[in-house]
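**Student:** sequence and predicted structure are below.
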Amino acid sequence: MSKVWGLHMPEEIGSAALDGNYVAIGWPDLKSLEKVEGGREAFKEAILTAYPSRKPGAVPVEAGILYRFSNEVRAGDWVIYPSKHNREVNIGRFQGQYSYVPTVNGECNNYPNRHAVDWLNRFSRSEFSQAALNEIGSFITLFSVRKHATEFLNKVTPQGELPTESEDDQTPDDDSVTSIVSRQAQETTQDYVIRKIYDALSGYEFEEFTAHLLECMGYTARVTTKSGDGGVDVIAHSDELGFEPPIIKVQCKRMTSQIGEPEVNQLLGTLGEGECALFISLGSYSRPARLLERNRPKLRLIDGEQLVELVLEHYDKLSARFRTMIPLKQIYVPDIMISQD
């Protein structure tokens, strides 16, 4: 029976990997993993040779990752990739084709070790239980998904498929554990806030919430009447009477799926002189939509993750109604980033 793997990739390559039908991991100084002959001990020796300053506690973990990636991943195995850049869960199947790509566009590639993947579909994080999301927030780059494998696979196949048992993942060093705890705390908070907003508010109430949040940020805002306004749900401005530019036209989408370029263009079509466009969604935006944002200085796209950041930043100014709806308390977590070599 096929195994189910979870895999983490940095934001800088995640989008390209999805478009190019592959997954990629780092360790560029090792050269091709196919040249490492032997089991995990051989990978430990190779890591220490390429990275002599590596912490002793990290070496067995990294050796296990590289060994699994090069020797245990098989054609037909499932892969679950939680993409940070758009807060989606991507599910595919390995094609069994390992490759070593040392350069991309003539420049050194920091993530040269690849496996070909047939990406089947992508899903909003809100479509999965928090327990399942916690499992794919594992502390290492490549890991087995066991407890909630069926929940993920049922999204792409009616019968689902259980993973086979595999060797337990190694326990990482303290810094790696601290890093993943911090990251999971952030991701869990984001998931929680988005779920609360989605479950508690109707579409119109989400517009009211958006207007209130803008007021907490120092703007004057009002919800528009429903009158074929081309998708403008909220009008915001910096002065109390709304005469001074810029006037901000806001479209609000209480949805966790991806927003495309056509919807964004519809909002842009409502702009007049001295007006700006703001699109707010609980989900994410397509690459063409983000490209449009980069090319239009009077356009800003706020996705679910950015909306949560604004909520946290201005939480103390929210009305009692919305603080009750999203009960939060402030905590501090270690700010430790563990990069993938």
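**Tutor:** Everything's here; your move.

**Student:** switch to C-alpha atoms for all contacts and neighbour counts from now on
**Tutor:** OK.

**Student:** all the helices of this structure, residue numbers only.
**Tutor:** 11-20, 40-50, 58-67, 130-135, 149-153, 174-200, 203-216, 261-268, 287-295, 304-313, 320-325 (DSSP state H).

**Student:** avg pLDDT for the third one?
**Tutor:** Mean pLDDT, taken over the full extent of helix 58-67, equals 92.

**Student:** then the last one?
**Tutor:** Per-residue pLDDT values over helix 320-325 give a mean of 94.

**Student:** export that helix as PDB, just CAs?
**Tutor:** Extracted C-alpha coordinates of helix 320-325, given in PDB (Å, rounded to 0.1, in the frame of the first residue of the first chain):
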ATOM      1  CA  ALA A 320     -16.700  43.900  22.700                       C
ATOM      2  CA  ARG A 321     -18.900  42.100  20.200                       C
ATOM      3  CA  PHE A 322     -16.000  41.100  18.000                       C
ATOM      4  CA  ARG A 323     -13.600  40.400  20.900                       C
ATOM      5  CA  THR A 324     -16.200  38.000  22.300                       C
ATOM      6  CA  MET A 325     -16.600  36.400  18.900                       C
END
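
**Student:** list the contacts of that helix.
**Tutor:** Lys196, Ile197, Ala200, Phe209, Tyr315 (Cα atoms under 8 Å, 6 or more residues apart in numbering).

**Student:** got a markdown table for those residues, with pLDDT, neighbour count and distance to Tyr219 too?
**Tutor:** Shown next, in a markdown table, are the contacts of helix 320-325 (pLDDT from 0 to 100; neighbours: other Cα atoms under 10 Å; distance: Cα to Cα, whole Å):
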| residue | pLDDT | neighbour count | distance to Tyr219 |
| --- | --- | --- | --- |
| Lys196 | 92 | 13 | 24 |
| Ile197 | 94 | 19 | 21 |
| Ala200 | 94 | 13 | 24 |
| Phe209 | 97 | 19 | 13 |
| Tyr315 | 94 | 19 | 16 |
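
**Student:** could you list the single helix or strand in the chain with the lowest mean pLDDT?
**Tutor:** Sorted by mean pLDDT, DSSP states H and E, the helices and strands of the chain end with helix 174-200, the least confident at a mean of 72.

**Student:** about what we covered before: farthest pair within the contacts of helix 320-325?
**Tutor:** Maximum pairwise distance in the contacts of helix 320-325, criterion Cα to Cα, is 17.0 Å, between Ala200 and Tyr315.

**Student:** tell me which of the contacts of helix 320-325 is nearest to Arg254?
**Tutor:** The closest of the contacts of helix 320-325, once distances to Arg254 are taken by Cα to Cα, is Ile197, at 8.3 Å.

**Student:** check what pLDDT Arg87 gets.
**Tutor:** On the pLDDT scale, Arg87 gets 84.

**Student:** got a list of what it touches?
**Tutor:** Ser124, Arg125, Gly283, Ser284, Glu305.

**Student:** the first one and Ala236, how far apart?
**Tutor:** Using Cα to Cα, to the nearest Å, Ser124 is found at 29 Å from Ala236.

**Student:** the last one too?
**Tutor:** Using Cα to Cα, Glu305 is found at 21 Å from Ala236.

**Student:** likewise the fourth one?
**Tutor:** When Cα to Cα is applied, the distance between Ser284 and Ala236 equals 22 Å.

**Student:** all set, thanks.
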